[in-house]
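Chemist: Quick check, what structure comes out for this input:
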Amino acid sequence: MSEHFVFLPLLIPFAAAVALLPLARRTRLQRVIAASAVLLLLLVCARLVVALRSQGLIVYEMGGWPAPYGIVFAVDLFAALLMLMGAITAAASLFFAFGSVGPQKERYFFYPLLLFLVAAVNGALMTGDIFNLYVFFELILISSYLLFSHGGRAGQLKESFKFVLLNMISSAFLLVGIGGLYALTGTLNMADLAVKVAALPDKRIAAALAAVFMFSLGVKAAMVPLFFWLPRAYGEVATPVAALSAAVSTKVGVYALYRVFTLIFIHHVEYTHKAVLMALAVLTMVIGVLGAIAQMNVKRLLAFHIVSQIGYMLFGLAMLSVAGLAGGIMHIMFNMIIKPALFLVAGATEQVTGTADLRKMSGVIHRAPALAFTFLAGGLGLAGVPPMSGFISKVTLFYAGFLGGHYLATAVAVGVSFLTLFSMIKIFRMAYWGPQDGLPSKQLKAARGHGLLLAPGAALVAAGLVMGLGGSYLIDYADAAARWLMHPAWYVAGVLGESSAQALLAALEVVAP
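Modeler: Numbers count the residues shown, from 1 in each chain. Prediction:
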């Protein structure tokens with residue numbers, strides 16, 4: 001595959017977003033262009049995933065300048081898998097938006113902002129330069145803030161301000177960490193950073209910088225105790241925005257943690273991974289699910305589950321083993337599909353009932369049974385009930401936990417899965433089951449016309465089922481991606497050459513695989 005092909009996941013949504021800017025009042029044409037761009041992006045990402053399964057890594061040097069002197073995009077299987085999941089969710093969120101956001105919002109650059117967000121996320125996943133990672137995080141922040149505040153309701157503006165303020169603080173800390181790494185090593189290329197940090201005679205400053213990165217990226221990933229900006233913000237925004245953000249925004253923070261803590265900060269593993277990250281993973285799982293159980297607003301409940309599921313992903317990273325990373329990668333992939341699906345189905349339910357308050361819902365199943373059973377299937381998948389892929393990812397994580405001797409953390413992860421199931425049954429019982437009292441007569445027309453809004457969420461639930469039924473292929477790809485993360489010398493060899501990889505291995509005092 002040509003190295004220029006790897007630039008398309010960034011170019012396609014960005015070019016489409018720019019093309020849409022002068023078409024603010026031509027909503028039908030905006031829809032056609034946006035849908036075409038997202039579907040083309042989906043095909044490109046699928047092609048990348050297939051190619052990278054055998055090729056391993058594709059490096060694109062901007063302007064022909066070689067690494068570490070020029071700007072480099074380095075895409076491995078891990079990044080490509082996340083871009084593919086993001087493209088799938090972007091398509092579903094976009095088609096939901098066609099039937100829900102209304103012409104007023106469409107005329108105020110809703111679709112360009114959505115595509116700018118997708119482009120920024122793909123740029124963060126592709127970059128091989130740590131300063132450009134910061135730049136793409138800022139572009140994600142700007143796009144997300146404009147989407148979160150789009151519509152101008154008081155609740156939106158209030159929560160959007162909190163969101164942008166806290167993320168600006170985390171970005172400032174991220175910039176401090178990047179500056180510290182540059183002062184230590186004189187480079188910003190991530191592969192070169194891996195080599196030069198490994199060669200440092202005294203790594204105590206690097207360990208301190210690891211804590212800075214853990215804090216700054218932890219805010220963006222909504223890790224406990226840095227998650228408090230997320231639940232209310234996601235509860236106030238438009239449903240397609242909440243769905244897409246649930247899929248990509250926090251997952252980019254998780255991706256960055258996976259990247260820097262398997263490539264650069266790998267020298268104090270017993271402290272950074274096995275102690276700090278492990279404790280934070282357990283707390284994130286527990287506090288997230290307890291917050292979900294306490295909620296009566298369905299969107300905030302689902303938002304707390306974003307936090308809880310981040311804990312499982314951090315658990316995979318904290319173990320720092322092939323099995324643990326593979327389980328974590330599978331869980332990221334599955335959540336990028338099923339969590340947006342639940343938001344979209346919940347959004348369709350809100351259209352039917354006129355409320356997001358569980359105490360004011362009842363009996364949706366009588367008028368919209370497909371809506372009810374689609375949510376139930378997605379909720380069971382989130383809890384890890386077979387045959388959804390959430391079962392495969394969690395079993396892999398549990399296996400890795402017991403294999404690595406992390407018995408307490410694994411037991412907590414199992415317990416949180418049961419609490420997740422409890423909260424999903426709570427939603428189903430209160431909103432969908434029971435008498436029809438919660439479906440007023442004025443909503444009957446909406447109930448009969450909910451099919452178009454249900455389709456995107458149902459498609460994502462079906463995708464989660466396909467991923468579960470094709471579990472052997474999912475495990476194969478996740479295992480291959482995990483092995484690349486566990487062998488940073490492979491990444492360094494692809495970006496800088498074999499001599500740099502040998503220098504890294506010599507500094508780490510390990511035998512090359």
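
Chemist: Point out where the protein drops to low pLDDT.
Modeler: 1, 152, 436-450, 509-513 (pLDDT under 70).

Chemist: part of a strand, is Ala67?
Modeler: No. Applying DSSP: H, G, I helix; E, B strand; the rest coil, one finds Ala67 to be coil, outside a strand.

Chemist: thought it was touching Asp192?
Modeler: Yes. Using CB atoms under 8 Å, Ala67 is in contact with Asp192, at 7.0 Å. Quick note: C-beta positions are derived from backbone N, CA and C, even for glycine.

Chemist: so what sits against both of those two?
Modeler: Common contacts of Ala67 and Asp192, defined by CB atoms under 8 Å, 6 or more residues apart in numbering, comprise Val495, Leu496.

Chemist: Which parts of the stretch 401-513 of the chain are strands?
Modeler: Remark: strands of the stretch 401-513 of the chain are absent; assignment by DSSP state E, counting those that start in this stretch.

Chemist: Next: the stretch 251-400 of the chain.
Modeler: Using DSSP E, counting those that start in this stretch, strands in the stretch 251-400 of the chain do not occur.

Chemist: contacting residues for Gly56?
Modeler: Here Gly56 is in contact with Asp76, Leu77, Trp484, Trp490, Gly494 (CB under 8 Å, 6+ apart).

Chemist: Just the buried residues of these.
Modeler: Among the contacts of Gly56, those scoring as buried are Asp76, Leu77, Trp484, Trp490, Gly494 (criterion: 16 or more other CB atoms under 10 Å).

Chemist: which one of those is nearest Leu10?
Modeler: Asp76 (15.7 Å; CB to CB).

Chemist: got a list of what Ala15 touches?
Modeler: Taking CB under 8 Å, 6+ apart, one finds Ala37 in contact with Ala15.

Chemist: ok, it to Ala119 distance?
Modeler: Per CB to CB, to the nearest Å, Ala15 is found 9 Å from Ala119.

Chemist: now, which of the contacts of Gly56 sits nearest Ala400?
Modeler: Trp484 (16.9 Å).

Chemist: Quick check: phi and psi at the nearest residue to the closest one once chain neighbours are set aside.
Modeler: In this structure, Trp484 finds its nearest non-sequential neighbour in Asp76, 5.3 Å apart by CB to CB, 6 or more residues apart in numbering. As for Asp76, its main-chain torsions (degrees, to the nearest 10) stand at phi -110, psi -180.

Chemist: hey, what's Asp76 bridged with?
Modeler: Leu57 (DSSP bridges).

Chemist: Check the burial of Pro369 by counting its neighbours.
Modeler: Counted with other CB atoms under 10 Å, residues neighbouring Pro369 total 11.

Chemist: what do you get for His4?
Modeler: For His4, using other CB under 10 Å, the count is 10.

Chemist: Got phi/psi on it?
Modeler: Dihedral angles for His4 - degrees, to the nearest 10 - are phi -70, psi -20.

Chemist: hang on, it packs against Val59?
Modeler: No. The criterion here is CB under 8 Å, and His4 misses it with Val59 at 11.5 Å.

Chemist: if I pick the closest residue to Leu8 other than its chain neighbours, what's in contact with it?
Modeler: Once flanking residues are discounted, Leu8 sits nearest to Val44: 4.8 Å by CB to CB, 6+ apart. If you count contacts by CB under 8 Å, 6+ apart, Val44 has them with Phe5, Leu8, Pro9, Ile12.
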